[in-house]
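J.: how would this look folded up:
(chains A and B)
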Protein chains: 2
Amino acid sequence: MAHATRKTAHSAQKATTTTIPTKAVTSALPDQDAVVSEVDLQLDQVASKQDTPKVDVDYLNNYLLGAWADERLAARELAADPALHRIEGLPMDEHRARVFDQLGLLVKHGAVHRAFPTFLGGHDDHGGNIASFEELVTADPSLQIKAGVQWGLFGSAVVHLGTEKHHHDLLPDIMSLKVPGAFAMTEIGHGSDVASIGTTATYDPEAQEFVIHTPFRAAWKEYLGNAARDGKAAVVFAQLITAGMNHGVHAFYVPLRDDDGEFLAGIGGEDDGLKGGLNGIDNGRLHFDHVRIPRTNLLNRYGDVAVDGTYSSEISSPGRRFFTMLGTLVQGRVSLDGAAVAASKLALQIAITYGNQRRQFTTADDDTEQVLLDYQRHQRRLIPLLATTYATSFAHEQLLVAFDGVFSGTTDTDADRQDLETLAAGFKALSTWHALETLQESREACGGAGYMAENRLVGLRADMDVYVTFEGDNTVLLQLVAKRLLTDYSRKFAKADAGELAKYAVEQAAERTYHGSGLRRFGQMVADFGSTARSVEQLRHPIAQRALLTDRVEAMVATVAGRLRSAQHASQADAAALFNANQNELIEAARAHTELLQWEAFTDALDKVTDPCTAAVLTWLRDLFGLGLVEKHAAWYLINGRLSPQRAQAVTAYIDRLVARLRPHAQDLVSAFGYTQDHLRATITSGIEQERQDEARAYYAELRASGQEPAKEKSPRKAKKK
Amino acid sequence: MAHATRKTAHSAQKATTTTIPTKAVTSALPDQDAVVSEVDLQLDQVASKQDTPKVDVDYLNNYLLGAWADERLAARELAADPALHRIEGLPMDEHRARVFDQLGLLVKHGAVHRAFPTFLGGHDDHGGNIASFEELVTADPSLQIKAGVQWGLFGSAVVHLGTEKHHHDLLPDIMSLKVPGAFAMTEIGHGSDVASIGTTATYDPEAQEFVIHTPFRAAWKEYLGNAARDGKAAVVFAQLITAGMNHGVHAFYVPLRDDDGEFLAGIGGEDDGLKGGLNGIDNGRLHFDHVRIPRTNLLNRYGDVAVDGTYSSEISSPGRRFFTMLGTLVQGRVSLDGAAVAASKLALQIAITYGNQRRQFTTADDDTEQVLLDYQRHQRRLIPLLATTYATSFAHEQLLVAFDGVFSGTTDTDADRQDLETLAAGFKALSTWHALETLQESREACGGAGYMAENRLVGLRADMDVYVTFEGDNTVLLQLVAKRLLTDYSRKFAKADAGELAKYAVEQAAERTYHGSGLRRFGQMVADFGSTARSVEQLRHPIAQRALLTDRVEAMVATVAGRLRSAQHASQADAAALFNANQNELIEAARAHTELLQWEAFTDALDKVTDPCTAAVLTWLRDLFGLGLVEKHAAWYLINGRLSPQRAQAVTAYIDRLVARLRPHAQDLVSAFGYTQDHLRATITSGIEQERQDEARAYYAELRASGQEPAKEKSPRKAKKK
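T.: As a prediction, the model looks like this:
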C-alpha cells in the first residue's frame, strides 16, 4: 500500500513546479461548452445518481497517509503513548526535563534515525523521516521541536555540511543523544539576515585552530534550543576569516559544556526563560570569548581551510556557496509545514466533533436545541477551514515527495533544489498561518470550553505561534517566493527575441483595454443577466478555477515587474526604494502563487481518488477551497475585469451552497484524518457533552411524565391570545 | 480639564445612536463641489502650509484620557506599582494567591468602590469606576477580571438586582473583600442561552425558604471566577419556581463556604484548572443539592415572592423582565471593551517602538541596515491597526459616556438602555477581536523577540483570548446587534403609510436598476477615466466615507429584511430555517454597522481636537480607518455598484499614500497613549536594542579605523569587473 501510493505521489510531483504557469490558460473563463475533464463528468454522474454520496472514511484515511503511510502510522502509534504527552501546566523546568527524557525514549524506539547514513545505523530515508517526525506534534510540540533541534538541525548540519570524518566521529553520539547539541545560527542582532551575523571564526595557522569569538552583545547567539540546559556542543555559524580575508558564513563544531554540565572556558550564556509556548525546550543565548577549536572542526563540505590557512571551495561564488549551505537545512521548513497541517487537523477534529454534539438555543417548536454546526455561521467558520486544511495536507505531501527526491538524489538538479526551496518557503508560510487561524477559530467555536487547557486548543496554539516566525519568518519567506517569481518572469523575457517582446507588448495593451475598461466584464454581464445558474456551472469547472487563480498571479507579477523595470539603471538606493514601494504587492503575489500551488496539489490529489463517492465530496471541498480564494480576492477580480459583479455574487452564493452541502460530511472528513482520542485528548471530544445532554433530556422527560413539571409563566399578551 | 472634557464628551453621545441612519446620505458619493466641512478646509490649509505637521503628544495624550482623565491617571499610577504586576511563569496556585492579595491592595487604595452607593462609602460614579477599572489590565488581566468578578459582577448584581436590605446587609463585606463571591450564571450546558439554565430555586412556603438545586450534570455552574478557591458566597441564577409555576431566571444570594473555606452542606464543586490564560483567577464549577436559603435571599428588585409563595413583579412580561435583569450587567461588556482598547495600545506601543529601533538588511550602498518600520510591508502591518486602535479608543469613550448616562440616571429611558446594550455588544465584539489581531500582529512583527514572555505580547494575548467569548460570545453579540437593526428597520415601516411604502418600493427598484446594472459604476468610470486624483480628492471627504459606510449597512439590512419578510406567516421551524440561511449575512451587517459607529466616533472626536497639527495627523488616521473599511469590503462596493473599479483602485492607492504619510508620526501616535515603561515592561522597549546596535556599529568603526578589518571575499565575476 505505502509503496504503491508513493509511486503515484512521485509522479505527481512535476505538477507543483514553481515557475509561473504559461500564458496558455489566461482566457479567464472557458465557454460553456469548454472541455470538461473526464473526472468531472464522472463526478456529475455520481452526484446525479446519488444525492448524498458518503465519504469512505477508511479509504480516505489511508489515502491521506500518503507515500510514507507506514512511517506515519508507526509515529502515530508512538505519539499515542502517554509517556510522550505534554502535561498541561507543568512548570518550565519539569517540562524541560520531561522532554529531554522523552528524546531518550525516541532513541530507544529507533524513531529518529531514519535520515542518518545507513552505515551508521540510519536508513538514508529523508521523506519517511520527516513524515514520522512531524506526527510528534500531536504528542507535544516541544517534543517535536526539541527532537528537530537535536537531529534535524544540529545533527543534520553535521550530515550535510560536514564530511566523512565528521560523520564517523560526531554522528554516533548525536544520534544516541550522548551529545545533545545546539544549532547556533541566529544572533540577537541578526535573524532573517544570516549573512550579516557578527560571530567570527578566525584561523590561526600557527596553532592550526579557529578562534570563535563574539565581538559584541548583538552577536550573542540567541533563541537556541538545547543552549540553556542540555547542550554539550553546538554547530556554530560564524564569519570564516583566514589570511586577512572574510569568506563569509561557515559552520563549526564547538564543544560547549563538560560532563558536569559546566560551560567550557571562554563560553557563557543565558537562559531565554519563559516563552509564549514550547516551554519544554531550553532556549538560550551563547557567547564565545576567543574559544579555540581544531581546524578540522570546520564543517568543510562546501569550503575548507588548509593547514597553512589557504581557503578553498568547490563553489566559487561566495553568495551561491552561502545559499547552498543554507539550502541543506530546508528540511526544517518542510517538517514545520507538516506539523502545521497535523495541528490544523487536530483543531478541526476537536471543534467539529464538539460542534456536532453541543447544542444551544431552540429553533423550532419542539424544545429541541440545535447543534452548533447546524448554524450557518458556525458552518461558515469551520468548513472553509476544513477545505484549506485538506489543501495544505495535499500540498505538504507534494512538498515531502519533492524533498525526498532532492535529498535521496533521485531528482537533485539545481532547478529541483530551487523549486524545493520555493515550495518549502511558500507552503510553510501559508500552512503555519493557517494552523494559527484554525486553532483560534476552533477555540472560539468551542466557547469557554475552548479556553480550558484540558481541551488542548489553547496549548497547541501557544506552541504553534512561533512556527510563523522561526525557521524563516513567514513574511521574509514570501518575499523569497516573490523574488523567485520575478526572476522567472525576467528570464522568460531574457530568452525572448524582439518579435516576441513586441507581441507581448501588444497583448499587454490589449489586455489592459479588454480587462481595464470593463469590456470583458460587460460581456459577462450581458451573458449572465438573469441567470446565475449558468455562471455557477462554469465556475465549478476546475479549468475556470485554475484560469482565475493563474491569471491573478501572472497579472500581479507582470504589474510589479513592469514597475521595477525602471530600477535597472537606478542607483542602489533608488532601486531599493522602488522595490520597497512594491513590497506589499509582491508579497501578495507570492501568496497568490502559493495558494494556486495548494489548489493544484488538491486537484492533483483528487485525480487519484478511486472511490467515486469520496471523490465527489472531495471535489466539493476542492471547489470550496478554490472559490473561497476567488471570493477572498474578489475585489481584485472585479477591479481587473476578470469577474463581472453578477459572477462575483454567484461565487458567494455557490460557496454558501457548497458549505451547506458539505456540512453533513464534516464529521467524516475530520474522522478521515485518522487521529484517535489518544491524539486529541480533549475532554470535549470524549463524548461527555452528549452524555450530559442525554441525562438532562431524560430528567425533563421524567419530570413531565411525573406530572411535577412547573408551568411556565406566560407573557400577559401571549396568555390572552391562548 | 477632566470636567471640561466630560461635558463635550457628553454632548457627543447622541451621535452614536444605534438606529439605522436615515436615507438622506445614500447618494453614495458627493459631487466634486459637494459641501466640504469647515474643519476639513482648515485641515487642507494646515496640510498645505506645513508639509509635515507634528503631533502635540502631550495634548493628544490628555485628549485621549477623555471624560474621566483624573480617574484614569490615578489608576495608571496604581497599575505602575510592581506589587500589582503579573509575574510571568508563576505557577497557577501562586498566581491565584498573588491576585487575591492584590485585590486586598485595591481595597486598601480605595480603588474599586467608585460605583457603589455613596451611603456605603462609594461614589455612585459609574463611568469613573469603569475608566479606572479597565486600566488594571496593564498590570495583570487576571487582576482586572478577578476584580471584575468581585465588584463588577458579584457586587454589582447585589447592587442592581437586590434592594435596600441587601445593600445594607451584604455590600459592606463584598466591598471590603471579607466575602469574596462568585457570579453563578453560566452552566456547563448553557452559556449564551441563559434563559434555559437548569438550576432551580423552588420556594417552600412552610419553611419560607428557597431550595437551590442542580438537577443534572449539565446544570452545574461553570467557569465561575472565585468558585474554585476564594468564594464565600455566590449570586446564583436559577429558575424561580413557586406555587407550581416557573417564573424564569432570577438571582439568589447563596453562601458557599464556611470560615475555614470548606463547602457548606449540599454544596460541591470542581476546579476548572489550567486555562489558556487568566490563570490568576480560580475558575471553577459549583453544584447544589437541595440547598436551603431564606426567602429574603432572593435579589428581589424585579421580582419577589411573598411569604405565602405569591409571585409579583413590576414587569409583567417575563421576557422583558429577564432582559431587564440581564441589562443591569452591561458594565462587564463596557469594561472589556475598554480593557481591549488598552491592551491594543500596549501592543502597538511595544511593536512600533521596536520597529523604529530594530534594523535588518541593508538596502543602500552604505552598509546601514534599515529599521523595520521603514519597510512598506511592516508599515502596512502595523499602521492600519494603529488607526483602528484610535477608532476603538474614541468609540469606547462614547460608550463609557452612554453607560454613565444610563447608570447615573441622567439619560435613562428605555431607548437609552437599548442603545447602550447595542453599543456595548457591538463595540465589545469588535474591540476584543481587534485586540487579539493587534497583539498577534505585534508579536509577529517583533519576530522571535515577540515570542519571549519578557516582552509581554504573548502573555497579554493569552489572557485577552477569552475576552472574545466571555461576557457574551462575540458572534452572539453581533447577532444581538443584527436583531436590533432588523427591529429598527421594520419599525420604520410599521409607521409608514401606504404612500410611503409605495415610494420605498419604487426607490428600491430604481436602486436595483441603478446599482445592479452597473449604470452608476459606468458613470463613475467615465468621470474617473485617466484621473485617479479627482476621485481620491472625493474619497478624502468625510461625507463620502460616511455615505459609503452608511449605504452598505442600509443595503445589507434591507436585503436581509426583504428576504425574511416571507417568514412572517411561516411555521416557526421554517422561519428559523430562513433566519439561519441569512445568519452569516446578518452578522456581517451588524459588523458593518458597528464599524460605521466606530468611524462616527472617530469623526466626532476629530471635531473637538483644537490643535490643528494634531488634527491634521488624526484626520489622515481617520481617513485610513474609513478607507481601510472600504478597501476591506471593496468586493461588496464593486458588486453593488457603489464603487467603480477605477475608484476602488484609487482607494488602495490612497491608503498606500496615507500609510507612508503617517509613518513618521507612528512613534508620536503611540507615545500619546501615555503608557510608560512601568506599563509596557517589555525588555525590547527599554532601549536595549538601540544600545546593542550602537555597540556593534562602534565595534566595526573601530575595526575599520585600526586597519584590522578583514577584506570580504568577492564573487569571481564581480571581482573581475573591478
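J.: any idea how far the residue in the stretch 401-550 of chain A positioned nearest to chain B is from B:V468?
T.: The nearest approach of the stretch 401-550 of chain A to chain B comes at A:V458, 3.0 Å away (C-beta to the nearest C-beta). All C-beta atoms are positioned from the backbone trio N, CA, C, and that covers glycine. According to C-beta to C-beta, to the nearest Å, A:V458 and B:V468 sit 13 Å apart.
J.: neighbours of A:R697, just the number please.
T.: The number of residues packed near A:R697 is 16, by other C-beta atoms under 10 Å in any protein chain shown.
J.: before we move on, what SS does it have?
T.: helix (DSSP: H, G, I helix; E, B strand; the rest coil).
J.: What helix or strand is the residue of the stretch 401-550 of chain A closest to chain B located in?
T.: helix A:457-464 (DSSP states H and E).
J.: What of A:T52?
T.: Counting by DSSP H and E, A:T52 is part of no helix or strand.
J.: That one reaches A:P664, doesn't it?
T.: Yes - using C-beta atoms under 8 Å, A:T52 is in contact with A:P664, at 6.7 Å.
J.: Angles on the backbone of A:T200, please.
T.: When read as degrees, to the nearest 10, the backbone of A:T200 gives phi -120, psi 150.
J.: thought it was touching A:F216?
T.: No - at 10.9 Å, A:T200 does not count as touching A:F216 under the criterion of C-beta under 8 Å.
J.: Mind giving me the packing neighbours of whatever helix or strand comes next after the helix holding A:V458?
T.: The element immediately downstream of helix A:457-464 (helix or strand, assigned by DSSP H and E) is helix A:474-495. Contacting helix A:474-495 under the criterion 3 or more C-beta pairs under 8 Å, 6 or more residues apart in numbering or on different chains; DSSP states H and E are the following elements: helix A:414-445, helix A:542-564, helix A:583-607.
J.: need those helices in CSV with mean neighbour count, can you?
T.: Shown next, in CSV, are the helices and strands packed on helix A:474-495 (neighbours: other C-beta atoms under 10 Å in any protein chain shown):
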stretch, mean neighbour count
helix A:414-445, 24
helix A:542-564, 20
helix A:583-607, 23
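J.: Can I get the ones you listed in TSV including distance to chain B and mean pLDDT?
T.: TSV is the format used below for the helices and strands packed on helix A:474-495 (distance: least, C-beta to the nearest C-beta, whole Å; pLDDT from 0 to 100):
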stretch	distance to chain B	mean pLDDT
helix A:414-445	6	96
helix A:542-564	11	92
helix A:583-607	4	97
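J.: gap between A:L399 and A:W151?
T.: A:L399 is 19 Å from A:W151, by C-beta to C-beta.
J.: got a list of what A:D204 touches?
T.: A:210-211, A:292 (C-beta atoms under 8 Å, 6 or more residues apart in numbering or on different chains).
J.: CA atoms only for stretch A:291-301 - export them in PDB, please.
T.: Extracted in PDB, the C-alpha atoms of stretch A:291-301 (Å, rounded to 0.1, in the frame of the first residue of the first chain):
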ATOM      1  CA  VAL A 291      37.300  30.000  22.100                       C
ATOM      2  CA  ARG A 292      39.800  27.800  20.300                       C
ATOM      3  CA  ILE A 293      38.800  24.700  18.200                       C
ATOM      4  CA  PRO A 294      40.800  22.400  16.000                       C
ATOM      5  CA  ARG A 295      41.000  23.400  12.300                       C
ATOM      6  CA  THR A 296      39.200  20.100  11.400                       C
ATOM      7  CA  ASN A 297      36.100  21.200  13.400                       C
ATOM      8  CA  LEU A 298      35.200  23.400  10.400                       C
ATOM      9  CA  LEU A 299      32.300  21.500   8.700                       C
ATOM     10  CA  ASN A 300      34.100  21.600   5.400                       C
ATOM     11  CA  ARG A 301      31.900  20.200   2.700                       C
END
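J.: Could you pull up the mean pLDDT of it?
T.: Averaging pLDDT along stretch A:291-301 yields 98.
J.: touching chain B at all, that stretch?
T.: No - contact of stretch A:291-301 with chain B (C-beta under 8 Å from any C-beta of the partner chain) is absent, the minimum separation being 15.3 Å.
J.: Show me which residues of that stretch are buried.
T.: A:291-293, A:295-301 (16 or more other C-beta atoms under 10 Å in any protein chain shown).
J.: and what of stretch A:604-618?
T.: So stretch A:604-618, judged by 16+ other C-beta under 10 Å, has buried residues A:604-606, A:609, A:611-618.
J.: Nearest to chain B: which residue in the stretch 251-400 of chain A?
T.: For the stretch 251-400 of chain A, C-beta to the nearest C-beta, closest residue to chain B: A:G276, 2.9 Å.
J.: Surely that residue is in contact with B:C446?
T.: No - using C-beta under 8 Å, A:G276 is not in contact with B:C446, being 11.2 Å away.
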